[in-house]
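A.B. asks: Need coordinates for the below:
(chains A and B)
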Amino acid sequence: MSSRVGIVIVSHSPDVARGTAEMVRQMVGEEVPLAHCGGDPDGGLGTSVEKILVAIEAAWSEPGVAILVDLGGAETNSEMAIEMQPPERQGRVVICNAPIVEGAVMAATESWGGATLAQVCSAAEELSAA
Amino acid sequence: MDEALITVLMVHEVGLHARPSVKLTKLAKGFSSQIEMAVAAEGPWIDAKSIVKVMATKAPKDTVLHFRARGDDAKAAVEALADLVARDFEETKRDAAHG
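C.D. replies: Below is the predicted model:
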């Protein structure tokens, strides 16, 4: 079990999700728990609560999981997936209000350094303010 | 408690772009000292452990980077950072061209 905050990438496009995860892997490394998902169950553009649940499970880490999303549905479906988490995980899975690609790299860099979930998210969110 | 200061010329073709910024930040996080970086001797000084702030400097090629640190491993920290910059962030020309 990793002691680092997990990162989940949720895009409407499977290609965007995969590409973003690839950037995180290449730039930050393999040590950060990372999962990605994209596309609706029929293979089209969209997001699905089921896939997000699987991704959260894959990236789960005791310090928590930060989710990076692209457009509207990715956020509402992620919120739904968060609500479906068991009580002991409530508050430990959060959505970062940040651009998906840049936010994922920033968040993962902070996580790599051992930051808390709140610090990971605020690093990603600092981007929007900059 | 030690204090250390070092300057190094960055010759990296693309400057302090995404990948070098991540490497620099990761290296800085490995030290317990408080570490700051500036692109000019008079500052402004930014937290070298903050990926967002390091990347936001957008320092181009031929910038002289200034590192200063305060803490038990201050000297080792600034030397390691200067060394990373001097070694061109361990990137090959091909990596650099792809930013």
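A.B. asks: Leaving out chain neighbours, which residue sits closest to residue A:90?
C.D. replies: Spatial nearest neighbour of residue A:90, chain neighbours left out: residue A:82 (8.0 Å); criterion: C-beta to C-beta, 6 or more residues apart in numbering or on different chains. In this view, the C-beta of every residue, glycine as well, is placed from N, C-alpha and C.
A.B. asks: need the next SSE after the helix or strand hosting that neighbour, C-terminal direction.
C.D. replies: Taking DSSP states H and E as the criterion, residue A:82 maps to helix A:72-83. Downstream of helix A:72-83, the first helix or strand assigned by DSSP H and E is strand A:93-96.
A.B. asks: Show the contacting residues for the closest residue to chain A within chain B.
C.D. replies: Ranked by C-beta to the nearest C-beta, the top residue of chain B for proximity to chain A is residue B:29, at 3.7 Å. Shown in contact with residue B:29 (C-beta atoms under 8 Å, 6 or more residues apart in numbering or on different chains): A:112, A:113, A:114, B:49.
A.B. asks: What helix or strand is residue A:125 located in?
C.D. replies: Using DSSP H and E, residue A:125 sits in helix A:117-129.
A.B. asks: Can you list the buried residues in that helix?
C.D. replies: Buried residues in helix A:117-129, counted by 16 or more other C-beta atoms under 10 Å in any protein chain shown: A:117, A:120, A:121, A:122, A:123, A:124, A:125, A:126, A:127.
A.B. asks: Ignoring the adjacent residues along the chain, who's closest to residue 46?
C.D. replies: In the absence of a named chain, chain A is used. Distances taken as C-beta to C-beta, 6+ apart put residue A:40 closest to residue A:46, at 3.2 Å, once the chain neighbours are dropped.
A.B. asks: if you could check chain B rather than the one you did, that'd help
C.D. replies: Sequence neighbours aside, residue B:53 is the residue nearest to residue B:46 in space, at 4.3 Å (criterion: C-beta to C-beta, 6+ apart).
A.B. asks: Please, which helix or strand holds the one you found?
C.D. replies: Going by DSSP H and E, residue B:53 is part of helix B:51-56.
A.B. asks: Please save the CA atoms from the helix or strand following that helix in CSV.
C.D. replies: Scanning forward in sequence from helix B:51-56 by DSSP H and E, the next helix or strand is strand B:64-71. Output of strand B:64-71 as CSV, limited to C-alpha atoms (Å, rounded to 0.1, in the frame of the first residue of the first chain):
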residue,chain,number,x,y,z
VAL,B,64,21.4,32.4,-14.4
LEU,B,65,19.5,30.5,-11.7
HIS,B,66,20.0,31.3,-8.0
PHE,B,67,19.4,28.8,-5.3
ARG,B,68,19.5,29.5,-1.6
ALA,B,69,18.7,27.2,1.2
ARG,B,70,18.5,27.3,5.0
GLY,B,71,18.6,24.1,7.1
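A.B. asks: Appreciated, that's everything.
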